[in-house]
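Q: for reference, the sequence and a predicted model appear below.
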Amino acid sequence: QVPRAPSQPLASTESRRFTNKHSKKALKASLTLGILLGMFFVAWLPFFVTNVAQAVCDCVPAGFFDVLTWLGYCNSTMNPIIYPLFMRDFKRAMGKFLPCCRRSAEPRPSAISLSMRNSNSGPRAATSLKNVL
């Protein structure tokens, strides 16, 4: 039998925690994607089926076609609501730019800092592969 080093159980526990954290993130991402795609199909599939039926038999009332079109438009309205509900990173990013979503502890970015960040002027850290990794 080979004696174990004392760091092996710790590495195993850390590896398991790392795997568990990423599996939870993957599950949440797939849930969000499933909800978004599900809502897309529920909203737009009737419109496209009706559109094909209208081309074939010309039997779809104009009012019904308009309702299905607006159902698809409502889907586009729901996306900005769904993303913040399920994605913490999206919430944080939107909180930085929208005053209604900002927490009181977060500093408000000034117009000068935003323009300096978006322009090529101002101090920049040297980017290399070592800094990125």
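A: Right, received. Where do you want to start? Numbering: from 1, shown residues only.
Q: use CA for all of it now, contacts and neighbours both
A: Noted.
Q: mean confidence (pLDDT) on the lengthiest helix in the chain, please.
A: Longest helix in the chain by number of residues (criterion: DSSP state H): helix 7-57. Here helix 7-57 scores 82 as its mean pLDDT.
Q: what is that helix packed up against?
A: Packing partners of helix 7-57 (3 or more Cα pairs under 8 Å, 6 or more residues apart in numbering; DSSP states H and E): helix 62-86.
Q: CA atoms only: put the next helix-or-strand element following the helix it packs on into PDB for me.
A: Scanning forward in sequence from helix 62-86 by DSSP states H and E, the next helix or strand is helix 88-97. Once non-C-alpha atoms are left out, helix 88-97 reads as follows in PDB (Å, rounded to 0.1, in the frame of the first residue of the first chain):
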ATOM      1  CA  ARG A  88     -27.200  37.100 -11.300                       C
ATOM      2  CA  ASP A  89     -24.400  38.400 -13.600                       C
ATOM      3  CA  PHE A  90     -27.000  40.100 -15.800                       C
ATOM      4  CA  LYS A  91     -28.500  41.700 -12.700                       C
ATOM      5  CA  ARG A  92     -25.200  43.100 -11.700                       C
ATOM      6  CA  ALA A  93     -24.400  44.400 -15.100                       C
ATOM      7  CA  MET A  94     -27.700  46.100 -15.500                       C
ATOM      8  CA  GLY A  95     -27.400  47.600 -12.000                       C
ATOM      9  CA  LYS A  96     -24.300  49.400 -13.000                       C
ATOM     10  CA  PHE A  97     -26.000  51.300 -15.800                       C
END
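Q: list the buried residues of helix 88-97.
A: Residues of helix 88-97 classed as buried by neighbour count (16 or more other Cα atoms under 10 Å): G95, K96.
Q: tell me the mean pLDDT over that helix?
A: 79.
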